[in-house]
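*Asks:* sequence-free structure coming up:
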């Protein structure tokens, strides 16, 4: 009988560890969310957004531009262990100016368009996330660029200087 109780206890403990390891769910974007780097209101800027969840922090870090979120990810200095990363699915966004408050997808599974001629919420060239490769391809046909997974986004795309002489489009 003790053996069965011990097995049940081990199984229950394993279950609890699996639950504890599950990443936090994305948080809806609110009017009070501030962008991590500039402390500006995220909702006041068009284009895709990002959120990063950190271990031990009750709320995610929000980013007004996915490019900025990726710069944080690629930075060697962080405030804590990253537990989840979400981006706006621009394939389901109502528009570029209103990218949505709850259409978050995991950055790990997203398809990102890099090198498109579009400006993000803070005016810099943007890296645009999509849940569906077909939506990314349609975007590329209109604005250029290439579709890549998160792991293939070049450091220079998000960490390099911004060419202020670029004329970037703001998608409809």
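*Replies:* Looks like it arrived, so ask away. Since the model is a prediction, treat every value here as computed from it, not as a measurement.
*Asks:* Pull the residues that contact the lengthiest strand in the chain.
*Replies:* Identified as the longest strand of the chain according to DSSP state E is strand 82-88. Among residues not part of strand 82-88, those counted as contacts by Cβ atoms under 8 Å, 6 or more residues apart in numbering are 23-24, 26, 48-55, 60, 66, 69, 73, 99-100, 103-108, 110, 129. Where C-beta positions appear, they are placed from N, C-alpha and C, glycine not excepted.
*Asks:* So which bits of it are buried?
*Replies:* Residues of strand 82-88 classed as buried by neighbour count (16 or more other Cβ atoms under 10 Å): 83-88.
*Asks:* what would the residues you listed look like in a markdown table with pLDDT and distance to residue 168?
*Replies:* Formatted as a markdown table, the entries for those read as follows, by pLDDT from 0 to 100; distance: Cβ to Cβ, whole Å:
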| residue | pLDDT | distance to residue 168 |
| --- | --- | --- |
| 83 | 97 | 33 |
| 84 | 98 | 30 |
| 85 | 98 | 25 |
| 86 | 98 | 24 |
| 87 | 98 | 19 |
| 88 | 98 | 18 |
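*Asks:* of all these, which two lie farthest apart?
*Replies:* Of all pairs drawn from the buried residues of strand 82-88, the greatest distance, 19.1 Å, lies between 83 and 88 (Cβ to Cβ).
*Asks:* first vs last residue of stretch 126-137, how far apart are they?
*Replies:* 16 Å (Cα to Cα, to the nearest Å).
*Asks:* which residues make contact with it from outside it?
*Replies:* Identification of contacts with stretch 126-137 by Cβ under 8 Å, 6+ apart yields 47-48, 65-67, 70, 87-92, 105, 107, 109-114, 116, 118-120, 139, 145, 147, 153, 157-158.
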